[in-house]
Structure formats: C-alpha cells, structure tokens
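A.B. asks: the sequence and its predicted three-dimensional model are supplied below.
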Amino acid sequence: MASTVQPPRGMRDFLPDDKARREGVLAVIRQAFAAYGYREIETPVLEELSRLESSQGGDNEKLIFRVLRRGLDPHDPLPPAKAADLGLRYDLTVPLARLYATHRGELPEVFRAIQVAPVWRAERPQRGRFRQFTQCDIDVLGEAGTVAEVELIAATADALERLGVQGATVRLNDRSVLAAMLDACGVAADQQPAALVSIDKLDKVGLDGVAAELSANGVGAGVVDRLVSVLVGVADAAGDLEATLAALPTRAGERAVRVLAIRDGVTVAKPGAAVVVDPTLVRGMGYYTGPIFEVHHPAFRGGSIGGGGRYDGMVGRFAGTDVPACGFSLGFERVVELVDAARFRSARRQVALVHTGDVDPGTLVAWQRRLIAVGADVRLVPRKRNVARTLEALRREGFEEWAELDARTRPPATSGPAGLDLRDLR
RNA sequence: GUGGCCGUAGCUCAGCUGGUUAGAGCGCCAGGUUGUGGUCCUGGAAGUCGGGGGUUCGAGUCCCCUCGGCCACCCCA
C-alpha cells in the first residue's frame, strides 16, 4: 500500500494531472451552461438539518452527514436527533431552493442558476460512487412552462457534446404519468411508492423480477398482471413513441402531453439530441412533481450520469409561496470518466530550468522571472545524475522545453527588453 | 445498511501446508564506466508485512475485531 495515511473513506485527493483534467472539464461545462444565460452561485456546504430532512430527498436523507452542535457537554450525551443541528448537503437542489427563498427580492423573475460544487452522502463507496462528489447543476426558477425543461435538456446535451461524450441518451417521463398508470392498474395509493421503486429496477431485474418484488410487497396478483402487461407493452414498443403511448392505460397516456411537448421541443431545438420517452423512468428524489429526466450512458449500466426534473413544490416550503422550478444535474465524477484523457494543458509555454547545485538562488530566480515575463511558466529543477530521466518526467507533465543552468551561466539583465533567452532552450 | 474478494519497500509483485536477521524487478541515492548524460558495473538507503487483540515455543502466514480499497445488493450522480 502506498501509505497508511489516507483521506476519509469514499473521499479522494486529486494530484496535479487529475486536478488539471477535472478543472478542464468543469470549464467546458460552465461555458456550455453560461451560454444559455445561466449564472453561477454558491451556497454553504452546511444547511440546517430540518431543511435537509423535510425536503423529500428520498433515501438520500438517510445518508446525511450530521454535524454536532457546538458546546455540547460530552458527559451528557444527547440523542443524535438533538445533538446535531446542521448537516452536509446531499444535493444542490435543496440549498438552491433555500437560497431563492432567502434572496428572492434580489433575483430576476425567472432565475437561471449554475452550481458546481461538492455534495456528501454516507454511502458505501465503489467505482463511480463516492462519499464526496461534485455535481454540476443548472436550474430554472420561476418558469412554469416546458421551455424550462427543453432548455435544460438542450444545455446539458450541449455540455456533453462539447466534452466529446458520445452515446448518452436522455430518458423522459412525468410523475403524473406514473401515478395515472398505477391508478389505472389498481395499485393502492399507499403501495405506490414501493411500486415505483420496483418499476425503476426494470432494466436491472427484468419483468419477472419486478413482478416478484411487487407481489412480495403485497400488491395483488390481478394488479401485478395488469401492470406487467403495461410494462410488456412498453418494452415491445422498443422506444417507438406511438407504440409506447398506445401501450399505456388511457388516463396515463393523457398525462403524457407535457412529456411529448418537451420531447418535441428538444427535437426542434436540437435535432440531433437523443431523447427517449420512457414511462418506466422513476427517479428517487421525492420532491419531483412533474416531468423527470435522466441521462444514461452505456459505461454506467444501471446508473445514470445525470438527472433532473420539475420540483414545483419545494421553493414554497421555504418561501411560503410556490414557485415553479426545474433543474438538471450532471454527475461530474461520472462524466469525467467518459471524457477522453484529453490534456487540458496550459496554453503558455512550459519551460524547465535544469540547474546544478552551485547556482546561487538569486540568479536562478532572476532567470526564472525573465522567462515568466515573456510568457512562459517556468519550473526550477535540480539536475540529477540521470538527466534524461528527469526530462522524460518533465515531458509527461507538459514541460516540453528546457534549458540548462550552471554557475557559469551569465545572469540575465534585470531590465531592458526581455526575449525568451537561453537560446538553446530545448 | 447487507454480502463477497483483497491490503507485503515509492511502484508492480513473490513469500509452499506457520519456523532462523522478510525477498525480487523497476525507481531512488552514492561511486565508477560510457561517445556530457535514457548504457553497463559496484555499493547503499528504504518495509509499523493496513492497524489492534488472540492462538502458538514461534505468525506476513491461523482466529477475532477494526480501518481502507474493489465487487454485488440497496440506492443513486
């Protein structure tokens, strides 16, 4: 093992190469979003627990890292519920709603926000899943129309396109379609949440698996049969829009108008975009109220690289009056993995000054500053026994040019026109 | 949160059924060699065998606990 000293479980250090790549990807995403008139905001990493916990964050609420109150008496331990009053955010949507409620008067009527920031969930880590990870969110607050959804999807598709990520598909659905579907099949209201979770696993456990889980949850056989036949119909439609709609119960089909409007909108706005209407898409967050969407990529079977939807009820919980809201979140850690190991290197010349140990520090840094002044990034590197190996390592870091300095190298002029000197820069 | 696999020098790994001062390659350092530099030779530094308990005359090797990584589930980005 590398070291016994390690970062906390599920959290990572980023070395220069990783960091450069991540920042490069982030810059592209930010530009793609900013191009649609969105502006970046930032909120504290901590929010009041009561806000994090009452916002229908689904299972994520169980994964909150809680922060102990200050000044607790260690000899008089309180139950966890009373010992903590703040928690690390598990997503960026809840803090955004809070920010909006706090600053509504200072914000435009329709507010478009970018958020690029870490969130925390106390999950069991594995590939593409961490306890601290970065999300890239765009949200539209104050827009009730489907233009919000169309724009969000277009912007997200743009970001992926700019990054050269191929093969991503956006799946679209609407919570009300799901609800109508379950109603029509006779699923009792109190069984619907569990039923949704089961349906969500369709692509993983298959029809039989879903049916078995529904039965296990106490859904009657007749109801399961009806639901399964709907799901079979959807599956047989194989993505064909008309066939998919025809497979739905009438009332559910009627509820699909918004989804269809969004799909049509995206198709008109961005003809190449891969958008698929999928009545079995569920999504875990409880706060979604209408259209929902998710980005899938073959590299993450079963998982998504992003998702979002409309959450018209949440801002009202904080602000008192309802404000329509809709957002899309890209899972940065997963997106980064899909981006070609393209080098996001400095545009400036990267120069190494390989020097012997007998050059005095002032002279060394004077040379360094002279090169900096004419547009290079310059690193001082002590000369070692095997220079060739040193140079190879530098090249891997992006230092393509180098010059050698020893005590006999004449000091640079401290003034006057500076050109990139040490003409034998190699 | 549940289950499985794994954890030996900076890196990649070897250490058979428990037995003397834990090894190799690469890298690193020093000296020499070489057509002033990715060669070769010699020597050297470097390991709490993830951590803690236990079994044993004796544990890197067995048992328990713990930390961390990976995988599946759960769920999600």
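C.D. replies: Happy to help now that I have it. As the structure is a prediction and not an experimental result, all values here were calculated from the model.
A.B. asks: and residue A:324, how many neighbours?
C.D. replies: 20 (other Cβ atoms under 10 Å). For every residue, glycine as well, the C-beta is placed using N, CA and C.
A.B. asks: what's the spacing between it and residue A:152?
C.D. replies: 13 Å (Cβ to Cβ, to the nearest Å).
A.B. asks: repeat for residue A:315
C.D. replies: From residue A:315 to residue A:152 the distance is 16 Å (Cβ to Cβ).
A.B. asks: which of those two has more neighbours?
C.D. replies: Taking neighbours as other Cβ under 10 Å, residue A:315 and residue A:152 compare with residue A:152 leading, 31 against 23.
A.B. asks: which parts of the host helix or strand of the more buried one are buried?
C.D. replies: Counting by DSSP states H and E, the element that carries residue A:152 is helix A:147-162. Buried residues in helix A:147-162, counted by 16 or more other Cβ atoms under 10 Å: A:147-161.
A.B. asks: same check, this time on stretch A:209-216
C.D. replies: A:210-211, A:213-214.
A.B. asks: before we move on, what about stretch A:106-117?
C.D. replies: Here stretch A:106-117 shows A:107, A:111-117 as buried, counting by 16+ other Cβ under 10 Å.
A.B. asks: want to throw those into TSV with secondary structure, pLDDT and distance to residue A:367?
C.D. replies: As requested, the buried residues of stretch A:106-117 are exported to TSV (DSSP: H, G, I helix; E, B strand; the rest coil; pLDDT from 0 to 100; distance: Cβ to Cβ, whole Å):
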residue	secondary structure	pLDDT	distance to residue A:367
A:107	coil	96	51
A:111	strand	97	51
A:112	strand	97	48
A:113	strand	97	47
A:114	strand	97	42
A:115	strand	97	44
A:116	strand	96	38
A:117	strand	96	41
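A.B. asks: would stretch A:189-204 count as contacting RNA strand B?
C.D. replies: Yes - residues of stretch A:189-204 contacting RNA strand B under Cβ under 7 Å from any atom of the strand: A:197, A:200-201, A:204.
A.B. asks: mean confidence score for the host helix or strand of residue A:260?
C.D. replies: Using DSSP H and E, residue A:260 falls within helix A:257-269. For helix A:257-269, mean pLDDT is 94.
A.B. asks: continuing past that helix, what's the next helix or strand?
C.D. replies: strand A:275-277.
A.B. asks: re the thing from before, can you list the buried residues in the helix holding residue A:260?
C.D. replies: So, applying 16+ other Cβ under 10 Å, buried residues of helix A:257-269: A:258-263, A:265-266.
A.B. asks: contacts for that helix, please.
C.D. replies: A:146-147, A:149-151, A:153-154, A:157, A:170, A:172-174, A:176-177, A:241, A:245, A:273, A:275, A:277, A:290-291 (Cβ atoms under 8 Å, 6 or more residues apart in numbering).
A.B. asks: hmm, back to that, so which of the buried residues of stretch A:209-216 sit within helices?
C.D. replies: Using DSSP state H, the members of the buried residues of stretch A:209-216 that fall in helices are A:210-211, A:213-214.
A.B. asks: RNA strand B: which of the residues you listed is nearest?
C.D. replies: residue A:213 (8.0 Å; Cβ to the nearest atom of the strand).
A.B. asks: show me the contacts for the closest one.
C.D. replies: Counted by Cβ under 8 Å, 6+ apart, residue A:213 has contacts A:198, A:201, A:205.
A.B. asks: so which elements touch the lengthiest helix in chain A?
C.D. replies: Using DSSP H to define each element, chain A has its longest helix at helix A:16-34. Judged by 3 or more Cβ pairs under 8 Å, 6 or more residues apart in numbering; DSSP states H and E, the packing partners of helix A:16-34 are strand A:111-120, strand A:132-141, helix A:147-162, helix A:332-338.
A.B. asks: hmm, who's touching the shortest one?
C.D. replies: In other words, helix A:332-338. Here helix A:332-338 has contacts from A:21-22, A:25-26, A:29, A:116, A:128, A:130, A:133-136, A:160, A:163, A:165, A:297, A:299-300, A:303, A:305-306, using Cβ under 8 Å, 6+ apart.
A.B. asks: which ones, among those, also lie beside RNA strand B?
C.D. replies: Among the contacts of helix A:332-338, RNA strand B is touched by A:128, A:130, A:133, A:135, A:300, A:303, A:305-306 when using Cβ under 7 Å from any atom of the strand.
A.B. asks: by pLDDT, give me the weakest of those residues.
C.D. replies: Within those, lowest confidence goes to residue A:303 (74).
A.B. asks: ok, the helix or strand of chain A with the lowest mean pLDDT near RNA strand B or not?
C.D. replies: In chain A, no helix or strand scores lower on mean pLDDT, DSSP states H and E than helix A:80-83, which sits at a mean of 74. No - Helix A:80-83 is not in contact with RNA strand B by Cβ under 7 Å from any atom of the strand; minimum separation 12.3 Å.
A.B. asks: right, and the helix or strand after that helix?
C.D. replies: In N-to-C order, the element after helix A:80-83 by DSSP H and E is strand A:84-88.
A.B. asks: if we look at the sheet, which residues does the residue most central in space within chain A bridge to?
C.D. replies: For chain A, residue A:331 is the residue whose C-alpha lies nearest the centre (Cα atoms, centre = their mean; 2.5 Å). Per DSSP bridges, the residues bridged to residue A:331 are residue A:135.
A.B. asks: mind checking pLDDT for it?
C.D. replies: So residue A:331 comes in at 91 (pLDDT).
A.B. asks: surely it and residue A:304 touch.
C.D. replies: Yes - contact criterion Cβ atoms under 8 Å: residue A:331 and residue A:304 qualify, at 7.1 Å.
A.B. asks: what about stretch A:345-360, average pLDDT?
C.D. replies: Mean predicted lDDT for stretch A:345-360 stands at 84.
A.B. asks: so, in contact with RNA strand B or not, it?
C.D. replies: No - remark: stretch A:345-360 sits outside contact range of RNA strand B, by Cβ under 7 Å from any atom of the strand, the gap being at least 8.0 Å.
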